[in-house]
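Have a look at this fold, sequence not included:
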């Protein structure tokens with residue numbers, strides 16, 4: 001049962017370590033730390049992806065900045081309560097990590113497979129230049145009755161196809177994790193630059209139960 005659950009959320013990213021480890025939390029005496037991985041896109045820009053790592057997986061006291069690393073695990077979410085409301089916080093939960101000499105040729109440096117259920121009506125829109133976009137929110141089940149809520153973005157014909165999905169629809173998605181900065185208005189005079197994470201969808205399908 002639990003193996004099947006793990007199959008519905010698989011992530012592999014290959015990139016360079018871009019930060020030191022910062023303490024996140026502890027569960028049953030096991031400390032978890034956050035580290036940022038910089039993953040190149042084909043367009044030469046990069047996505048900065050947060051990774052949660054157990055201190056049992058790697059020596060978190062070392063500085064590995066600049067080293068190439070391969071991380072496999074799951075894309076997870078939790079709600080952080082701030083400013084009187086909940087904010088969805090996303091990160092890659094590392095199950096395996098290994099340092100590599102260089103990125104393998106032709107390897108997918110940013111790959112995610114998700115299988116879950118639509119938990120909101122898709123939001124379909126067109127950009128001023130006529131590009132079609134659909135925003136989805138996918139609930140991906142974890143063992144022990146938990147779920148991760150993963151924002152996904154579709155383009156073009158995938159967006160048109162996804163715009164017809166109903167809440168509760170069972171969907172499988174292939175894509176990559178992307179980061180984008182946006183400006184959050186805190187008050188009339190204050191703004192803050194934040195980073196949002198989502199899955200950019202390359203393929204998707206409905207699964208008949």
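Perfect, I can see it now. Predicted model, so just to flag it, every value in this text is computed and none were measured.

any idea of the mean pLDDT in stretch 95-108?
Stretch 95-108 shows a mean pLDDT of 81 in the predicted model.

I meant stretch 60-72, not that one.
Stretch 60-72 comes out at a mean pLDDT of 94.

Can you mark which positions in it are buried?
Neighbour counts over stretch 60-72 (16 or more other CB atoms under 10 Å) mark 60, 64, 68, 69, 70, 71, 72 as buried. Heads up, the C-betas are built off the backbone N, CA and C, glycines and all.

hmm, who's touching it?
Residues outside stretch 60-72 that contact it (CB atoms under 8 Å, 6 or more residues apart in numbering): 10-21, 31, 33, 35, 37, 51, 53, 92, 94-103.

one more time with 7 Å, if that's ok
With CB atoms under 7 Å, 6 or more residues apart in numbering as the test, stretch 60-72 has contacts from 11-21, 33, 37, 51, 53, 92, 94-103.

Can you tell me which of the residues you listed are buried?
11-19, 21, 33, 37, 51, 53, 92, 94, 97.

Tell me where the model's unsure across this structure.
For the chain, the stretches with pLDDT under 70 are 1-6, 82-83, 103-106, 209.

Quick one: the helices in it, in order.
For the chain, the helices defined by DSSP state H cover 2-7, 156-162.

Return the distance of residue 98 relative to residue 58.
For residue 98, the distance to residue 58 equals 10 Å [CB to CB, to the nearest Å].

got it, and residue 52?
Here residue 52 is placed at a distance of 12 Å from residue 58 (CB to CB).

what's the answer for residue 142, then?
For residue 142 relative to residue 58 (CB to CB), the value is 23 Å.

try residue 132
Going from residue 132 to residue 58 by CB to CB gives 42 Å.

does residue 138 really touch residue 169, like I thought?
No. Residue 138 is beyond contact range of residue 169, at 9.8 Å (criterion: CB atoms under 7 Å).

the more surrounded of those two?
residue 138 (25 against 18; other CB atoms under 10 Å).

nearest spatial neighbour of that one, skipping sequence neighbours?
Once flanking residues are discounted, residue 138 sits nearest to residue 116: 4.2 Å by CB to CB, 6 or more residues apart in numbering.

For that neighbour, grab the count of nearby residues.
Around residue 116 there are 24 residues (other CB under 10 Å).

cool, residue 150 as well?
By other CB under 10 Å, the burial measure for residue 150, its neighbour count, is 25.

Who does it form a beta bridge with?
As for beta bridges, residue 150 partners with residue 138 under DSSP bridges.

dump the residue contacts of it.
75, 77, 114, 138, 140, 199.

Out of these, the closest to residue 162 would be?
residue 138 (10.5 Å; CB to CB).

Go ahead and confirm residue 152 touches residue 203.
No. Contact criterion CB under 7 Å: residue 152 and residue 203 do not qualify, at 11.6 Å.

which residues sit in contact with the nearest residue to residue 95 once chain neighbours are set aside?
Closest residue to residue 95 apart from its sequence neighbours, by CB to CB, 6+ apart: residue 73 at 4.3 Å. Applying CB under 7 Å, 6+ apart, we find residue 73 in contact with 11, 92, 93, 94, 95.
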